[in-house]
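Colleague: Next one to model:
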Amino acid sequence: MQLAFILYKYFPFGGLQRDFMRIALECQRRGHVIRVYAMIWEGEVPDGFEVLIAPVKAIFNHTRNERFTTWVEADLAKRPVDRVVGFNKMPGLDVYYAADPCFEDKAQTLRNPIYRRWGRYKHFAEYERAVFEPRSKTEILMISEVQQPLFVKHYATPIERFHLLPPGIAQDRRAPSNAAEIRLAFRDEFALGGDELLLVQIGSGFKTKGLDRSLKALASLPRELKKRVRLFVIGQDDPKPFQMQAKTLGVSSQVEFLKGRSDIPRFLLGADLLIHPAYNENTGTVLLEALVAGLPVLVTDVCGYAHYIADADCGRVVSSPFDQNQLNRMLAEMLADDAQRNRWAHNALAYADRADLYSMPVRAADVILAERP
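Modeller: Predicted coordinates for the structure are as follows:
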């Protein structure tokens with residue numbers, strides 16, 4: 001079959017983008033032809049992929065999205081395909097990969113009512129409705145159990161159109177047999193002393209991921225413990241506001257900002273704890289990447305994958321409503337207890353051996369390629 005994949009932006013370090021790539025490659029592996037529509041593409045193009053970049057610009061994102069949709073529809077009309085798979089909500093999809101949470105629910109619960117009069121709201125609400133309303137034929141690939149009831153609540157989407165996928169953690173994230181050697185080499189490269197503790201926060205979108213909370217928690221540590229802790233922040237975002245916050249809190253010398261990179265497994269093996277106090281997160285792939293690497297995790301319960309940390313008993317989960325003092329206390333306790341972190345690491349690796357955390361691309365391709373009535 002000729003398949004069209006649509007996403008607004010591709011870059012190698014985004015969770016949605018990596019999911020797209022692995023699903024598309026799985027479909028290609030099964031003998032199908034891949035065409036991709038995007039507005040921005042950063043990184044290499046796999047052999048055999050046809051990547052089309054739409055020449056659309058606009059001041060507002062929602063206007064740009066609408067122009068992109070029109071451009072894609074025009075090209076598809078000239079060169080039809082067998083399936084249209086979207087990684088952002090938009091009209092005309094055969095299959096939608098639900099990486100984003102329910103927009104309508106957030107608009108109603110987190111926004112001022114006047115927000116719903118704006119053009120931005122109308123655009124995103126209309127595009128979400130096109131996917132989830134009962135009359136739509138779009139099959140929905142769900143990666144978060146938490147979000148499905150919200151879509152059903154707002155759109156009365158038929159249950160049979162939802163396909164809940166297992167996680168899709170890449171096998172290269174698992175701790176290899178020489179993990180201890182990699183850890184030593186990593187810590188030597190970054191001049192981490194034997195008694196120093198490395199805290200990592202990984203993910204683009206520092207504000208949503210709760211980096212401000214992490215910096216406050218670092219600053220709150222007991223003085224002797226705090227002197228031993230370094231924080232590496234890795235992701236694609238503007239670090240300046242957070243560098244200013246770190247300076248104000250007196251911890252800037254202990255915080256290092258790194259752009260998105262392809263050697264994340266080394267950081268997961270070299271660190272002592274992953275912190276991820278997100279404000280909201282549909283899933284949180286990095287939580288499971290840490291788990292399969294044997295790295296203990298401190299995470300907020302709003303993340304869709306936070307329950308895996310509890311299930312595996314490989315870290316701590318901050319309950320809602322969020323309390324900064326609770327995060328501060330948990331971080332201090334986790335960093336101070338070497339023996340407990342070792343137990344969490346052991347539990348994580350045992351769970352990684354027995355749980356299905358890897359088959360998402362295969363299951364997603366099954367749905368995409370299934371015969372339609």
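Colleague: Count the residues that sit near residue 79.
Modeller: 11 (other C-beta atoms under 10 Å). C-beta here means a position set from N, CA and C on the backbone, and glycine is covered the same way.
Colleague: mind checking how far it is from residue 4?
Modeller: 9 Å (C-beta to C-beta, to the nearest Å).
Colleague: Which parts of this structure belong to which domain?
Modeller: Taking automatic domain parsing as the domain assignment, the ranges for the chain are 2-166+358-369, 171-354.
Colleague: Could I get those in CSV, plus columns for mean pLDDT?
Modeller: Putting these into CSV (pLDDT from 0 to 100) gives the following:
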stretch, mean pLDDT
domain 2-166+358-369, 95
domain 171-354, 96
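Colleague: among the ones you listed, which is the most enclosed?
Modeller: Comparing the domains of the chain by mean neighbour count (mean count of other C-beta atoms under 10 Å), domain 171-354 comes out on top with a mean of 18.
Colleague: what separates that domain from the chain centre, distance-wise?
Modeller: 15 Å (C-alpha atoms, centre = their mean, to the nearest Å).
Colleague: again, but for stretch 353-369
Modeller: Worked out by C-alpha atoms, centre = their mean, stretch 353-369 lies 17 Å from the chain centre.
Colleague: Do me a favour and get the end-to-end distance for that stretch?
Modeller: 29 Å (C-alpha to C-alpha, to the nearest Å).
Colleague: Can you list the neighbours in contact with that stretch?
Modeller: Stretch 353-369 has contacts (C-beta atoms under 8 Å, 6 or more residues apart in numbering) with 1, 3, 19, 22-23, 25-27, 30, 32, 83, 85, 94-95, 97, 139, 141, 143, 163, 165-171, 288, 291-292, 308, 311-312.
Colleague: Recalculate using a threshold of 6 Å.
Modeller: Residues from elsewhere that reach stretch 353-369 (C-beta atoms under 6 Å, 6 or more residues apart in numbering): 22-23, 26-27, 83, 85, 95, 139, 141, 163, 165-169, 288.
Colleague: What of stretch 214-224?
Modeller: The contact list for stretch 214-224 (C-beta under 6 Å, 6+ apart) reads 201, 231, 245-246, 249, 251, 275, 277, 324, 327-328, 331-332.
Colleague: again, only using 10 Å
Modeller: The contact list for stretch 214-224 (C-beta atoms under 10 Å, 6 or more residues apart in numbering) reads 197, 199-201, 206, 210, 226-231, 233, 242-243, 245-246, 248-252, 254-255, 275-277, 298, 324-332, 335-336.
Colleague: returning to what we had before: quick one: which of the contacts of stretch 353-369 sit in strands?
Modeller: With DSSP state E as the criterion, strands contain 83, 85, 95, 139, 141, 163 from among those.
Colleague: Give the closest residue to the second one in space, chain neighbours not counted.
Modeller: For residue 85, ignoring the flanking residues on the chain, the nearest one in space by C-beta to C-beta, 6 or more residues apart in numbering is residue 95 at 4.6 Å.
Colleague: For the stretch 201-350 of the chain, which segments are assigned as strands?
Modeller: 229-234, 255-258, 273-276, 297-300, 315-318 (DSSP state E, counting those that start in this stretch).
Colleague: closest to residue 267 out of the ones you listed?
Modeller: strand 229-234 (6.6 Å; C-beta to C-beta).
Colleague: Packing partners of that closest one?
Modeller: strand 197-202, helix 211-219, helix 240-249, strand 255-258, helix 264-270, strand 273-276, helix 324-336 (3 or more C-beta pairs under 10 Å, 6 or more residues apart in numbering; DSSP states H and E).
Colleague: hmm, 6 Å instead?
Modeller: strand 197-202, strand 255-258 (3 or more C-beta pairs under 6 Å, 6 or more residues apart in numbering; DSSP states H and E).
Colleague: elements contacting the shortest one?
Modeller: Spelled out, it's strand 255-258. So strand 255-258, by 3+ C-beta pairs under 6 Å, 6+ apart, packs with strand 229-234.
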